[in-house]
Structures are given as structure tokens and as C-alpha cells.
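Chemist: Build me a model:
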Amino acid sequence: MITDKKILLGYGHIGKRKTIRRIIVCVLVMVCVSVPLVNREYILAKLSLLYYQHQCSTYEMLADVPLLRPNNPGISDYGDYVGGDPRQQYRFLMPGCVRFLVERAGLELEVGPAIFLHKMISPNGSTRIVFAQFLPTTHAQFCRIECLSISPGTWLSPPSVQRTNLFVPGWWSDGVQLDKLRPAQLDPTNPSHWVFSYNYGSLARMNALRKASFSQYIDKTLTVDAYLKDDGNIQLTMKQGQ
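Modeler: Model prediction:
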């Protein structure tokens, strides 16, 4: 029989420590169970954000996919109507994942086709999700390319956006060849660079169409280069060809 008081006290301390550990474990389990219930919406929103950021960063726009298609509500990833002539309405390419991501960044999407969506890496290694649209403007002779450089959100912070715009020549309703618009392509040798090209009619073409004479039909090609800079901004430049 153990009669040493020190030994008995030692066993008593061990028992108390076990009890305290059990209490701590029970409290942690209760916290782990209750926190998701209390902040369920917050956690689901964050998980959705991380999911859609991944979807946007890995989204692939094939080179031969048309940016606009004739009106067909059943086409996946194509948005609302756009176009000047109601008899020639189009539905424009708009990936569903970017709608969620832009909304979480506190912005609204413009009405127009997406031309680029993918992860880009700047020369110093910083990563951004880059999204670009080809848009009509109120000016008859120009269209606009809008580019969003999105810094991904985390559990503690929402995504942030840097915006760049470039006005480019072209008549949206009848000058730009909408049916031939195709997505921009990421440079396989440079992850900070993508290229977008499109055809449009010159003023001579517009005058020829008004006169119902196609002898003066002139097409031009415009190429837009986009570069992700180290500060997260997008540099847009254009060059014109025949």
C-alpha cells in the first residue's frame, strides 16, 4: 500500500493535469464546431472566392472561339445581348467565374465580350489575374479595350483591382468585323504578355458602304499588346497594319 504523502500528492497533480487537458480539448472541439455554424456564410463566401479565383487564373480561351455569336440564349459562358441593329443581335463571351470575382472586388462588368482571362506573371514574379474586354463606345469611330489586373483575395482581404483603358479605332456596329473577333493569346515565351488582333473597316469603307459601292472596301488590322508590369498595372500598346 502506498502511504507516502508526496507520492499521493504527485498522483493528485497528474490527475488534475489530465482533467485540465480534457477540459481544454472539449473547449477547442466546441469552438471548432460552433465557429463554422456562426460564420457559415463568411466561410462559404471565402471558399467561393478562392474557387473562382482558381477558375479565372486557369481559364483557357481557345484561339478559334468566336467572341460574339448570334442570339442563342442556350450557349454557355455567353452573356447578354449586344449590338446596334436589333435584327443582328449577338451574345458575347463572358466566363461565369469572372462575373463572381469582379463582383467581389466591388465592380460591375461592362457590356461587351471578354478577350482575355488568365493568370499572368510580371518580370519580378508577382502574379495577377488579368481580365480584358473589347467594348463599344459612344464615339462612332472608336472602340475601347478595358483591362483589369486583379490581385487575388485571401481569407483576410478581398481582391483588389487596377484598371487600364485603351481607345482603339473601329466602328462597333458596322466597321469592326464582329463575327471574326477571336480571343487574345498569351505569349508562350513570356507570361507577362498577351496579344489581341482584329480587323476593321477604314473611313473609305464606310463611305463606300453609304454609296452602296464596294470598290473602295478597305480593311485594316490592329494589334494590341498587353504587358503586366511589376507594379501590377497593365501597359497597353497598339500597332496598325494593312
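Chemist: Just the mean pLDDT for the helix or strand where A226 lies, thanks.
Modeler: Element membership of A226 [criterion: DSSP states H and E] is strand 219-228. The average pLDDT for strand 219-228 rounds to 88.
Chemist: and what of stretch 156-174?
Modeler: Stretch 156-174 shows an average pLDDT of 83 in the prediction.
Chemist: show me where the chain has strands.
Modeler: Under the criterion DSSP state E, the chain contains strands at 68-70, 78-82, 90-93, 114-121, 127-136, 142-151, 160-169, 185-186, 193-201, 219-228, 234-241.
Chemist: Quick check: which of those strands is nearest to A105?
Modeler: A105 lies closest, by Cβ to Cβ, to one member of the strands of the chain: strand 160-169, at 4.8 Å. Where you see a C-beta, it was placed from the backbone N, CA and C, and this is true even at glycine.
Chemist: related to what we said a few turns ago, the strands of the chain: lowest mean pLDDT?
Modeler: strand 78-82 (a mean of 56).
Chemist: Which residue ranges make up the domains of the chain?
Modeler: Domain ranges of the chain: 5-38, 42-241, per automatic domain parsing.
Chemist: show me the contacts for P152.
Modeler: Applying Cβ atoms under 8 Å, 6 or more residues apart in numbering to P152 gives the contacts Q53, S57, T127, R128, I129, P159.
Chemist: again, only this time at 6 Å
Modeler: Contacts for P152 (Cβ atoms under 6 Å, 6 or more residues apart in numbering) come out as Q53, P159.
Chemist: Check the gap between it and G112 for me.
Modeler: 24 Å (Cβ to Cβ, to the nearest Å).
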